[in-house]
Structures are given as structure tokens and as C-alpha cells.
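A.B. asks: Predicted model, plus sequence, below.
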Amino acid sequence: MSTNTKPILEVDQVKKYFPIKSSFLKRTISNVQAVENVSVDVLEGETLGVVGESGCGKSTFGRTILGLESLTDGSIKFRGEEIGGLSENQLKTYKKEMQMIFQDPYASLNPRQRIGDALEEAFIIHTKLNKKDRKERVKNLLVEVGLKEEHAERYPHEFSGGQRQRIGIARAISLNPSLIVCDEAVSALDVSVQAQIIQLLKQLQKSHQLTYLFISHDLGVVKHISDRVLVMYLGATAELAPSDRLFSNPLHPYTRALLSAIPRPVVGRKKDRIRLKGELPNAANYPSGCPFHTRCPLAHEQCRQERPEWREVKEGHYVACHEV
Amino acid sequence: MADSNTLTSEQVYANKKESKKEKMIVKTAKRLLKNKLAVFGLIIIIIQVILAVFAPLFATYDPIKQDLTNAELGIGSDGHWLGTDNYGRDVWSRIVFGARISLLVGIGSVGLGLLGGIALGLVSGYFKKLDGIIMRFVDLLFAFPGILLAMLIIAMLGTSLVNVVIAISIWSIPTCARIVRGSVLSIKKQEYILAMKSLGASNFRILVKHVLPNCTAPIIVFATMRMATAILSTAALSFLGLGAQPPTAEWGAMIAAGQDFMFTSPHLTIVPGIAIMLVVFAFNVVGDGLRDALDPNMDLDQ
């Protein structure tokens, strides 16, 4: 982990609800509790992996941090300053500092815009550079992410998925941000390209002193890139620990089930896989008590009644479970 | 490092794609030209444009000059190949100058209609709060039958061709607004819009540089089809005496003037009628062709 342990981002009890409205009077009937009470500090220079199954609120969490989704409740502090609930205009200065790499490299680039123009736009919005300087910066960016200067003249459809993702990365680093949210940044790529992109992300982290919030459902990738890993289940935090400790000694029953699902290249020996029963509960009808009690093999009465506390069990190892 | 090796393989892939690379416009044009009906329509439109632009060159006579000694000559008469009307004015020359008016009114009203429709559509599609209000206003406009709305507007503003343009453009706004709104609704959910938001781009920038360029296809198709309707409506309004006033050479007005002589000189109504029909038909088939050509999922070989 980085020696500098000052948090760059302090997320405290963040909630993001999407209201379900009645069709006629637009009254809120209930809420989809996409992010439910997430508290975590992201340290300067680290890579915090966020894992969980589809629909567990990882992406919504990432977007809420960047202000792309409005905050329902809680506080988000960037370098000690509150940014939760700021208006679009007030957020503009922070947007330079926090960027995002998107999941789908095909959907995240405007098909009618040349790559050069797309990358230039960040400079038009945030700097007062003249056209020549902007073009120069775009060329440097392209080279930095492993593309060529002349690619600036091309349209997105002329690139492969891996190249497009490099363009997405170039756009994210163009304003020299300090925090980048990688929302499933490599999930849409095939495995060989994945490795290159991860390599590039690691390189850039060193050269630009970046902090990553690396959202993924791919445990292998997360294990490889993360310093610490946050496990989310149904919008809530289940476990947070340094990467090696989480993978060697998971405490939360959900984490254990998740890790036992990683395929292992061992012939002949059947791993005792923990199979979870049932489906992910509907976030619009949030379970009482511990959100995991409906599927947990260890659940008992207390789990059904009481929400487990988010507590530190060992140094740097947080877990929300009555059984630990 | 592994990076440099694999990059070349990515480049090979990109180069392969490059050979297939074609500009969007060229591709659409090629697809359009496969459609024979659309090509036919395109030829008629081009002829109309040429006639309209160079009207004084093609017209053999002054379109409003009367020559009562040669009144009501039939088709194929000496010097007047489409004959003359009841005042002895050359029908061919009047058709040529009429082409100019239809085209101008068509372009003017569709242009104004697009301007209003696109603005309303973009705003209502993008800003959820304004959507309800704008769409109810659009519904209100929809409640009037088109020609009635146009007549109402002309009744308020007075009869002239400029007012016809205004009337028809107002009537084009609601349809255009709905089409644009629909496209905006789907485009604004795209990840590249979110990416621009996370860069801190203003709403105006996102709308103009990212949303609008991606909904041009339906707008182009709408504009072409609407040209046909606009030309037809201009003729209809002029026929009713609400548009072009005599002695202006306008196709609808020509039919209106000719209807009293339908039995003695039927060409006075038939010739401008055919002109209107051809042009409206042309814009419609080209619009249809464009819609197919701009839709990448359409298989044109079937």
C-alpha cells in the first residue's frame, strides 16, 4: 500500500435511493435502495477494488461519488471538503480532479466525433489553452496511452475495443485528475486485451499519482490490481480488507461464497464450493436486518431483525456480520 | 514489454477496418442510389431546383405578361408548347416561375419548422422538467387539423406568401418536436453523454455537440417528407385564395384560375396539377429512400 495514508475521499453513510413513482399522481410509492449506507475511506494513491454481483449497486456507488447521480443521504468529502449535494456548477472544479473510465468502450465515445475532437473537449471546457496547444496536448495523450498521433483524425468505429478503451483512459487522464473511478473498465474486453489495459492503468497510476476506485465483478482482476477490496452486497458494504488478507482469510459469509466461486485450475480435487440459494433480493423491497440473511447459510434470528454493525475486527479489516 | 507487441496486432485489426472505411454521407448516398424509385424522385427534384434557380433562362415569356390575342391556346401551340391561359399568359413560363415559389416556400417553411421543432424537441427530450409543459403545448397544436391551423394563422396575419410560410412552419413544429424528442430520449441515456457530464460539459454543449449530431438521420427524413407536404399545402392555400395572389405564377393559384375553363381548356388545371403531383411524389419517394438508406439494419438487396 502507499505510504501516504491520508484519505483522498471520505465516504460516510452514503445512500442512493431511486424513487418508484405512481403513474398518475407521481407520489413516491417506494424506493429502490441502490446504495445503502456505504462508508469507506479511499486513501491517496491506492487502488480500492469494489466487487459484488450484478445489480449490487457498485456502479451506482461510483457514479454517486462523481456527482453523476444525486446523493440521497450521507456525506462525500474530497480532500476534506464536502462535495455531496453540490450543484452542477459548484462541482465543476472537482470534476477536474475526479474522472471516470466507462465499461463499454463502444458506447462511451460519440460515434460522430473524431477522437482528437473528443479528447480536445476536456481542454475546451476546463482550460484556456489555444487551439494549437490543445492539439499538442491531445497528441501527447494519445501517445501516452499507447496510440499514435495520427489516430486523432479517426472516428471511433475505426478502432478495436482495446484501442477504444485506451481512448477512454486518455480522456479520463486528460485533466490530470487525482481520482479515477474505473467502472468495469476491462470487463468488456477479451482477456489478452484486459491484461494490456490493466498494465496501462498501473503505469499511469505510477506516473500520474492516481488513486483508483476499481469497480468490477471479476475477482481475478480485482485481486491483481487492488490494494484493498470492498465487497458489496445489495447496495450495502459486507467486507473491506487489504487485498491479500481478504482473499486468504475472508470473514463475511458472502465473501466466502463469492471467493469459492472463482474457478481454480486444479484437476481431480473438487473444491467445497459454497452455493448460495435463491436470487439476489429486490432492492425495491429491501430485506430487514442483515441484507444477506435471505441467502446466508449462517443466518439466525438476530440477522433477520437487526442490521449488523460495520465494525473493524482487525486492523484495516472491516466486516458487517453478526457471526464474526 | 508486452504492450508494444500487442499494439501492432491491434493496429493490424484497425487497418483491416480502414479498407472498409467509408464516409457516412458516401455510404448513405450509395445506398440511396440502389433504390430506383428514389433515383427517379431525385431526378425530378434536381430538375425542379434547376428550373427554379434559372427560371428566367427557361421561361420563354414573361409569366405575367398578358396577350389577349393568344388566349386559351392548347398544348402544342406554336411558340407556347404548353399553351396559354385565359389572359394569354404562357403556361410553361408560369410553371417554371411557379417551381421557384414552391421551392422557396417549401424550404422556408420546412426550415423554420425544423428550427422551432428541433429546439423544442431537444429541450423537452433533455430536460425532464420542461418535457411535460412542452409536450402538452405540442399536443395542443396537434389538436388542430393542419390546413385549418394554417388558415387560422393566415386569417390572423393576412394573405401573403410570407404568411403561408409562417403558417406551414408552425404546423410543422409539433411533428418535428416529437421526432427529435424521441431520438433525444434514447441518445441521452448513452454512455458518451454520461462521459461528457463527468467531464463537466455544460448542457448546451452536450445538446449541440453530442445529442444533435446523433439524431440527424430522422431529421433529414422528416425534412424531405415535409417538403412534399409543404409544397402541397402551399398549393392548397393558394387554390383557396389564401396564399399567392394573382397575377403571381403559383401552381395552386393557377389551378384555381383555370377551374372556370375546365371544359374549354383543361390543360390550365391539368398541367399545374401534374407539376404539383410530380414534385410531391418526388419528395415522398426520396424521403422513403433516405429512411431506408439511413437505417443500417435495412437490407436493401431484398
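C.D. replies: Structure received. Numbers count the residues shown, from 1 in each chain, chains lettered A, B, ... in the order given.
A.B. asks: Just give the number of residues close to B:R291.
C.D. replies: Neighbourhood size, B:R291 [other Cβ atoms under 10 Å in any protein chain shown]: 18. (C-beta placed from N, C-alpha, C; glycine too.)
A.B. asks: gap between it and B:V184?
C.D. replies: According to Cβ to Cβ, to the nearest Å, B:R291 and B:V184 sit 19 Å apart.
A.B. asks: now A:K148
C.D. replies: On the measure of Cβ to Cβ, A:K148 and B:V184 end up 35 Å apart.
A.B. asks: Surely B:R100 touches B:I50?
C.D. replies: No - between B:R100 and B:I50 there is no contact under Cβ atoms under 8 Å: 10.9 Å.
A.B. asks: So between these two, which is more surrounded?
C.D. replies: Under the criterion of other Cβ under 10 Å, the comparison of B:R100 against B:I50 puts B:R100 first, with 21 against 13.
A.B. asks: show me the contacts for the more buried one.
C.D. replies: When contacts are counted by Cβ atoms under 8 Å, 6 or more residues apart in numbering or on different chains, B:R100 touches B:L51, B:A52, B:V53, B:A55.
A.B. asks: quick one: low-confidence ranges for the chain?
C.D. replies: Using chain A. The model of chain A has pLDDT under 70 over residues A:1-4, A:268-272.
A.B. asks: that's the wrong chain, I meant chain B
C.D. replies: Using pLDDT under 70, chain B drops low at B:1-23, B:296-302.
A.B. asks: Secondary structure element holding the spatially most central residue of it?
C.D. replies: Against the mean C-alpha coordinate of chain B, by Cα atoms, centre = their mean, the closest residue is B:M227 at 2.4 Å. For B:M227, the host element (DSSP states H and E) is helix B:216-239.
A.B. asks: and the longest helix for the chain?
C.D. replies: Here I'm looking at chain A. In chain A, assigned by DSSP state H, the helix with the most residues is helix A:191-208.
A.B. asks: nope, chain B
C.D. replies: Under DSSP H, chain B gives helix B:91-126 as its longest helix.
A.B. asks: ok, back up a step: buried set for the helix holding B:M227?
C.D. replies: Across helix B:216-239, burial judged by 16 or more other Cβ atoms under 10 Å in any protein chain shown covers B:217-239.
A.B. asks: Which helix or strand lies directly C-terminal to that helix?
C.D. replies: helix B:251-258.
A.B. asks: next one: that next one to chain centre, how far?
C.D. replies: 22 Å (Cα atoms, centre = their mean, to the nearest Å).
A.B. asks: now swap in stretch A:96-106 and tell me
C.D. replies: How far stretch A:96-106 lies from its chain's middle: 10 Å, per Cα atoms, centre = their mean.
A.B. asks: Could you confirm whether that stretch reaches chain B?
C.D. replies: Yes - counting by Cβ under 8 Å from any Cβ of the partner chain, contacts between stretch A:96-106 and chain B involve A:K96, A:Q99, A:M100, A:F102, A:Q103, A:D104.
A.B. asks: Show me what counts as buried in stretch B:182-190.
C.D. replies: By 16+ other Cβ under 10 Å, the buried positions in stretch B:182-190 come out as B:S183, B:V184, B:L185, B:I187, B:K188, B:Q190.
A.B. asks: out of the residues you listed, which are inside helices?
C.D. replies: Using DSSP H, the subset of the buried residues of stretch B:182-190 located in helices is B:S183, B:V184, B:L185, B:I187.
A.B. asks: what about A:L200, how many residues close to it?
C.D. replies: 18.
A.B. asks: That one reaches A:V145, doesn't it?
C.D. replies: Yes - using Cβ under 8 Å, A:L200 makes contact with A:V145 at a distance of 6.4 Å.
A.B. asks: Give me the common contacts of these two.
C.D. replies: A:R166, A:I169.
A.B. asks: check contacts around residue 283.
C.D. replies: This is for chain A. Contacts of A:A283 (Cβ under 8 Å, 6+ apart): A:V32, A:Q33, A:A34, A:G55, A:G57, A:L234, A:G235.
A.B. asks: The intended chain is chain B.
C.D. replies: Counting by Cβ under 8 Å, 6+ apart, B:F283 touches B:G41, B:I45, B:T224, B:M225, B:M227, B:A228, B:I231.
A.B. asks: Surely the fifth one is in contact with B:G108?
C.D. replies: No - when contacts are counted by Cβ under 8 Å, B:M227 is not listed as touching B:G108 (10.8 Å).
A.B. asks: List the buried residues of stretch B:249-262.
C.D. replies: Buried residues in stretch B:249-262 (16+ other Cβ under 10 Å): B:A249, B:E250, B:W251, B:G252, B:A253, B:M254, B:I255, B:A256, B:A257, B:G258, B:F261.
A.B. asks: Can you give me the neighbour number for A:E69?
C.D. replies: 17.
A.B. asks: how close does it sit to B:K129?
C.D. replies: 17 Å.
A.B. asks: that older thread, could you flag which of the contacts of B:R100 are buried?
C.D. replies: B:L51, B:A52, B:A55.
A.B. asks: can you state the direction angle for the host helix or strand of the second one and helix B:91-126?
C.D. replies: In this structure, B:A52 sits in helix B:36-53 according to DSSP H and E. Compare the direction of helix B:36-53 with that of helix B:91-126 by axes from the mean of the first three to the mean of the last three Cα atoms, to 10 degrees and you get 110 degrees.
A.B. asks: From B:H210, how far off is the nearest residue to A:R63 once chain neighbours are set aside?
C.D. replies: In this structure, A:R63 finds its nearest non-sequential neighbour in A:E69, 4.6 Å apart by Cβ to Cβ, 6 or more residues apart in numbering or on different chains. Distance of A:E69 to B:H210, given as Cβ to Cβ: 20 Å.
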